[in-house]
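**Q** Pasting the sequence and the predicted coordinates here, then a few questions.
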Amino acid sequence: MGNDLETAAHPEKLRRVAIDPVSRVEGHGKVTLLLDEYDHVHQVRLHIVEFRGFEKFIQGRPYWEAPVMVQRLCGICPVSHHLAASKAMDMIVGAELTPTAEKVRRLMHYGQILQSHALHFFHLCSPDLLFGFDSEMARRNIVGIAAAYPEIAKQGVLLRKFGQEVIRITAGKRIHGTGSIPGGVNKNVSIEERDYLLKDIGQVVAWSRESVGIARQLFEQNLDLYNNFGRFKAHTLNMVRGDGALDLYHGGLRARDMDGNTLFDHYDYSHYWDVIFEDVKAWSYMKFPFLRSLGPETGWYRVGPLSRVTQCDFIPTPEAEQARLEFLAFNGGSATGATLGFHWARMIEMLHAAEVIQDLLHDPDLQGDDLVSKGERQERGVGVIEAPRGTLIHHYKVDENDQIVRCNLIVSTTHNNQAMNEAIRQVARQYIDGRKLTEGMLNHIEVAIRAFDPCLSCATHALGKMPLEVELLDVEGDRVDVLTRSSDGSFCSSD
Amino acid sequence: MKDTFLLDGSTIPFEPGQTVMQAALAAGHYIPHLCYHPEFKPHGSCKLCTVKINGRTVASCTMPAETGLQVESGIEELNALRRSLVQMLFAEGNHFCPSCEKSGNCALQALGYDLEVHATGFRHLYPDRPLDASHPDILLDFNRCILCELCVRASSEVDGKNVFALSGRGITKHLIVNAESGKLSDTDISLADKAMQVCPVGVILPKRAGFSVPIGERRYDQRPISAQALDDAPRQTDADGNCAACEGTP
């Protein structure tokens, strides 16, 4: 499973087609396809071509800086990194969060889920979904959506705006705030701030409900396409609450194989490395995590909304739970394994986030004054959160001088690395193999990638292990020599 | 009748012995500055407070006030020079405001905003300056030092401890800790020292306190540094020893 089409036997004889950059995703990546003279596909790879290196330059910094610094990984869902790092630092300072601190953080996180899911569905993907994958390219963007479907575009913008306002009130800024600190939060939610959000929450829940309806309609109207596009079976990983409920802020890890058998459940994430390991490949800056019990070849898995909504036992808010049951029952459950099922699951989560925000806003603990706690200082801290794109792991080691000496980040998109590669290989087989290429066909590849809502900029951290390739070109641009450093650090030249 | 001079056309009264800076601040007129502090002898090193007097550029923090002086400060020619000075300070150290716990309370950052420094201007030097986290309660992040010597002066003149000093010359000049090991843990500095309160940037920090003040409540969130001139004008400690000009009082 998985490695078919990863590496062509004789790449030198094949024609290279690149989708560079992949558009309407966060970060920078490219897809390369190697085709033979009959347009048969021999190799498909999603490459991550940017490099960040936060794991390295956080070393030496004081631990209380991590939640603010590391969130700079991303401008789309910085709250996820802000909170995952904070949770790790809660362990470092030995804190048990106060009710106010936990609820303010939850509010921040679900505001983040709401805005990120709205951004992805409406701004990034709706052009594909509403116009068609190979529709006119010039129109296939949010401006085109605003012209053709002004009400949907407006809802998308305002849903995102509401989520950003929740973040501003809890974190201090819409992007890159400082609200969450080791052991708690630095502010509560005032009555005025609560009332400001309450006046719009009813509309936000209603729009989120309608958004689930749009996702369902897409499946109903294009059942064959939506069921089968880039479809593949995968193991799953996600976090669940102690009672099995969907919980995007805290819980234990649950992994199931592609047949639904449980590999581990309610696993204490503070020892994640006993069940998850990361592989490095020579052609991408992004690491390839796998489930240890299954090994690197077959142990890759899928995270994110589709895994969470299908693998939780229930969603603890009524409208989202009803939507989940309808999703599971739709056409005999076919949408639950479809790559495009991500969109439907994402909208169910957005509805859940809106409901959670509504409930939290009525909770008087938000106005509490007991914001920070601490206990016995620890050397190691692990924070895990279900970010919009999937399970996010932050792991730090802090020395006796309060300086970070080690950091490991396994970002949601990194978990999905192999799954995304598998999805685009399926699409290449389905839509490209043996045909003359068109822009619309190549967009099918991007549609498959976008379904995962990848954040490529967040997911590139393999410093010290990163493979490098230096090309020497002559004045005509022809390659004279190439020097390659492989993932094990060894160098080889073409000579 | 008091002696006066003119600052950007406004009449500024002064007492004998006052500098142009002291008289201007006391009268509620802000002149940009970083290394000036009312409790210490003028230093004249940052040059942000440079003004034009009768056509000559001088540091207003060291220039004695005199009757009849024609002082220019808020003119574009000088503000352009000040912008360049701030840009050079940013380029010389490692000032990463996005993750700095002093952000919102930092005089250098506030000056940058106030002077409308919109670009880096100079190639960053990215010096390698490891932290000194050896002290159990105090962190030194040398990356942000602007060599104002306020901590040196505070530790020497107020605390009587001589914890800090500058070493080297020219571009290699840097802040050091006066201990055989060079480590802060081997000094007798304490959180209550004046040296803990005077750093205008994020070098001398109480540990485990970063980001505890929410955005919106930090010193420069509500009003720019120039608008706080009147608050700072007396710039003396009150009966409890608190100083309106100081940040980071533990």
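**A** Right, received. Where do you want to start?

**Q** for chain B, what's the longest helix?
**A** The residue-count maximum for a helix in chain B (DSSP state H) belongs to helix B:76-92.

**Q** Okay, buried residues for that helix please.
**A** For helix B:76-92, the neighbour count (16 or more other Cβ atoms under 10 Å in any protein chain shown) marks B:78, B:82-83, B:85-87, B:89-92 as buried. All C-beta atoms are positioned from the backbone trio N, CA, C, and that covers glycine.

**Q** closest point of chain A to chain B, which residue?
**A** A:Gly172 (3.0 Å; Cβ to the nearest Cβ).

**Q** Give me the spatial nearest neighbour of that residue, chain neighbours excluded.
**A** In this structure, A:Gly172 finds its nearest non-sequential neighbour in B:Ile215, 3.0 Å apart by Cβ to Cβ, 6 or more residues apart in numbering or on different chains.

**Q** quick one: the one you found and A:Arg174 touch, right?
**A** No. When contacts are counted by Cβ atoms under 8 Å, B:Ile215 is not listed as touching A:Arg174 (10.7 Å).

**Q** which residue sits closest to B:Glu77 in space, ignoring its chain neighbours?
**A** Of all residues not flanking B:Glu77 in the chain, B:Lys52 sits nearest, at 7.7 Å (Cβ to Cβ, 6+ apart).

**Q** element containing that neighbour, please.
**A** Using DSSP states H and E, B:Lys52 maps to strand B:50-53.

**Q** Could you do A:Ala153 as well?
**A** Secondary structure from DSSP H and E places A:Ala153 in helix A:150-171.

**Q** Packing partners of that helix?
**A** Contacts defined by 3 or more Cβ pairs under 8 Å, 6 or more residues apart in numbering or on different chains; DSSP states H and E place helix A:150-171 against helix A:78-92, helix A:99-118, helix A:126-131, helix A:142-148, helix A:191-221, helix A:341-361.

**Q** Switch these over to a markdown table; also include distance to chain B.
**A** Converted to a markdown table, the helices and strands packed on helix A:150-171 look like this (distance: least, Cβ to the nearest Cβ, whole Å):
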| stretch | distance to chain B |
| --- | --- |
| helix A:78-92 | 10 |
| helix A:99-118 | 11 |
| helix A:126-131 | 31 |
| helix A:142-148 | 27 |
| helix A:191-221 | 11 |
| helix A:341-361 | 19 |
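
**Q** In a markdown table: these, plus mean pLDDT and mean neighbour count.
**A** Below are those laid out as a markdown table (pLDDT from 0 to 100; neighbours: other Cβ atoms under 10 Å in any protein chain shown):
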| stretch | mean pLDDT | mean neighbour count |
| --- | --- | --- |
| helix A:78-92 | 97 | 28 |
| helix A:99-118 | 97 | 26 |
| helix A:126-131 | 89 | 21 |
| helix A:142-148 | 88 | 16 |
| helix A:191-221 | 97 | 17 |
| helix A:341-361 | 97 | 26 |
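
**Q** who are the neighbours in contact with B:Pro64?
**A** Going by Cβ atoms under 8 Å, 6 or more residues apart in numbering or on different chains, B:Pro64 touches B:17-20.

**Q** Could I have the buried ones of those as ChimeraX selection syntax?
**A** The following ChimeraX line selects those of these that are buried, judged by 16+ other Cβ under 10 Å:
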select /B:18,19,20
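
**Q** thinking again about what came up before, gap between the strand holding B:Lys52 and the chain center?
**A** Relative to its chain's centre, strand B:50-53 lies at 19 Å (Cα atoms, centre = their mean, to the nearest Å).

**Q** who touches it?
**A** Outside of strand B:50-53, the residues within contact range by Cβ under 8 Å, 6+ apart are B:7, B:20, B:31, B:57-60, B:63, B:69-73, B:75, B:77-78, B:81-82.

**Q** Next one, pLDDT for the residue of chain B found nearest chain A please.
**A** Proximity of chain B to chain A (Cβ to the nearest Cβ) peaks at B:Ile215, 3.0 Å away. Listed pLDDT for B:Ile215 reads 97.

**Q** Against B:Ile225, how distant is it?
**A** Using Cβ to Cβ, to the nearest Å, B:Ile215 is found at 17 Å from B:Ile225.

**Q** what does A:Leu442 give?
**A** 53 Å.

**Q** and A:Val79, what does it touch?
**A** Each residue near A:Val79 by Cβ under 8 Å, 6+ apart is listed here: A:71, A:108-109, A:111-112, A:167, A:171, A:177.

**Q** so which two of these are the farthest from each other?
**A** Using Cβ to Cβ, the pair of the contacts of A:Val79 lying farthest apart is A:Gln71 and A:Gly111, separated by 14.4 Å.
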